[in-house]
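**Q** Fold the following.
(one chain, ligands or ions: 2)
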Amino acid sequence: LKPGREGRGRVVVLGAVNWDVSIFEASFPGPGEEVPVLGVSEGPGGKGANVAVAVARILGPGSVSFVGAVGDDDASRILLSGLEQEGVSTGGVRQVPGSKSGRAYIVVDSRGAKTIHTHFGANDRFGPGDLNEAARDALSSSSVAVVMDLPVEASGAAASMARTAGAEVVYSPGVRAAAGPSGLRRVLGSASVVVVNEAELGRLFPGEGRLRALSRLAEDCPGLAAIETRGPLGCALATEDGSHELDAIDLRSLGLEAVNSTGAGDAFLGAYAAHRLLGLGQRDSVSLAALAGALKATRADTRGSPTKEEMTEAEAKLRKLRQWPRAWRRSRA
Ligand SMILES: Nc1ncnc2c1ncn2[C@@H]1O[C@H](COP(=O)(O)OP(=O)(O)O)[C@@H](O)[C@H]1O
Ligand SMILES: [Mg+2]
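**A** Ligands and ions are numbered 1, 2, ... in the order given. The predicted structure is shown next:
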C-alpha cells in the first residue's frame, strides 16, 4: 500500500447528520390505516456522518473531518459527541440557531423492506457561506473529499474547493439525485467519481435502463467514473473504458447472514474513500467497498461499518475460499 502523500493523508466528508428512529412493523400501513409498532430503536445516523465514521474505522482516529450542520437542540450534542468518540474531527460543523437537527424515521417491515422519511432540518440550512475556516482547511488539505447530501449549492462550492486543491472528489447525492443531472452539474463538474444506488440512479434518469443510465453519467461528464450499488446484487462501474460489474460477496459462504442493509451504501463509500487514500486503484477500492457494504448488512446498527481488522479478516477468509480477489466482468449492454 502506498501511503497518502505527506500532509495530505486525510479524508473530508460533507453531508447530512441525523438522529435516526427505526420503527419495526409486521407490514406497512396503507393510507388512513393504523398498524402497531413492534419495536423502536434510536441512534445517530445521516449519510454524511455515517461515511465519516466508516472512514475513521478503517484509517483510524484523526484521519477524517466531517462538515455539516446540526440544530441547537439536545440531539445536536449527542450527534457531535458520537462523531468525536469515533475520532472524527467536527470543527467544520455549523450549529444553526433556532433550527432542529435532522431526523430520519426508518420504517422496516417483517421482510426487511424499508421506507425512510427524512426531516433534513439544520442540514437543509447549510449554504456555501457556512463553510467555516475548519471546513475550508479540511477541503483544501485532504486527498479525498466525499461530497454527499447537503444542499447542492454548498456541495458545489465544497467540491470545487477540494478539486482545485488537487483532491479526488467522490460525489454521492442521495436524495439530491432528484434534482437531475442538470441540477447537479455544479458538483458533477468537480467530481471524479459519482456513487448512486439503484433508486437514486432511477431518479437521475427516469425510465432509462440502468446500465444505459450509468454509462450516460460517465459519458456526459468527461473523466467521471460512475458507480451504481445494487444491494445484494453487487455493483457496477462505468468509465470511459465501458461498464464492468461485480457480484456481491456471498455472505453465507463466510457463515454470515444479512440482517439490515440500511447504511450499507455508507459503509461502501467510506471504505472506497479510505482505500483510495491508501493508494489503491479504482477497481480494488470498489471491491473492498463492496466487502465493507456486505459486512455492514450483517449488523443491525445503521452505523455498523467494519474496522480495518474486520476487513482484513474477512478478506483472508474469502481468499481461502478462492473468492478473493474479486472477479469483474464486462457488461453486455
Ligand atoms: N445483502 C448483501 N449481501 C452482500 N453485499 C451487500 C448486501 N447488501 C449490500 N451489499 C453491498 O453493499 C453495497 C451497498 O449497498 P446498497 O444497498 O446498494 O446501498 P444503499 O445503502 O445506498 O442502498 C452493495 O453494492 C453491495 O456490494
Ligand atoms: Mg439499498
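
**Q** Now do the phi/psi pair for the residue in the stretch 101-250 of the chain that ligand 1 sits nearest to.
**A** Of all residues in the stretch 101-250 of the chain, residue 229 sits closest to ligand 1, with a separation of 3.2 Å (C-beta to the nearest ligand atom). Glycine gets a C-beta too; all of them are placed from N, C-alpha and C. Per-residue torsions, residue 229: phi -100, psi 140 (degrees, to the nearest 10).

**Q** Please apply the same query to residue 291.
**A** Note on residue 291: its backbone torsions stand at phi -70, psi -40 [degrees, to the nearest 10].

**Q** Tell me how many other residues surround it.
**A** Residue 291 sits with 24 neighbouring residues when counted by other C-beta atoms under 10 Å.

**Q** what's the answer for the one 10 residues further on, then?
**A** Around residue 301 sit 16 other residues, with neighbours defined as other C-beta under 10 Å.

**Q** same thing with the one 3 residues further on?
**A** Neighbour count of residue 304, defined by other C-beta under 10 Å: 22.

**Q** Repeat that for residue 283.
**A** 15.

**Q** Would you agree the residue of the stretch 101-250 of the chain closest to ligand 1 is in contact with residue 271?
**A** No - counting by C-beta atoms under 8 Å, residue 229 does not reach residue 271; the two are 11.8 Å apart.

**Q** Of these two, which one has the most company?
**A** Neighbour comparison, residue 229 and residue 271: the larger count goes to residue 271, with 30 against 24 (by other C-beta under 10 Å).

**Q** Please name the residues that touch the nearest residue to that one once chain neighbours are set aside.
**A** Leaving aside its sequence neighbours, residue 271 sits nearest to residue 292 (C-beta to C-beta, 6 or more residues apart in numbering; 3.4 Å). By C-beta atoms under 8 Å, 6 or more residues apart in numbering, the contact set of residue 292 is 54, 58, 267, 268, 270, 271, 305, 306, 311.

**Q** So which of those residues would count as near ligand 1 as well?
**A** Contacts with ligand 1 within these, as defined by C-beta under 6 Å from any ligand atom: residue 268.

**Q** Going by neighbour count, which residues in stretch 32-44 are buried?
**A** Neighbour counts over stretch 32-44 (16 or more other C-beta atoms under 10 Å) mark residue 44 as buried.

**Q** how long is it from one end to the other?
**A** 30 Å (C-alpha to C-alpha, to the nearest Å).
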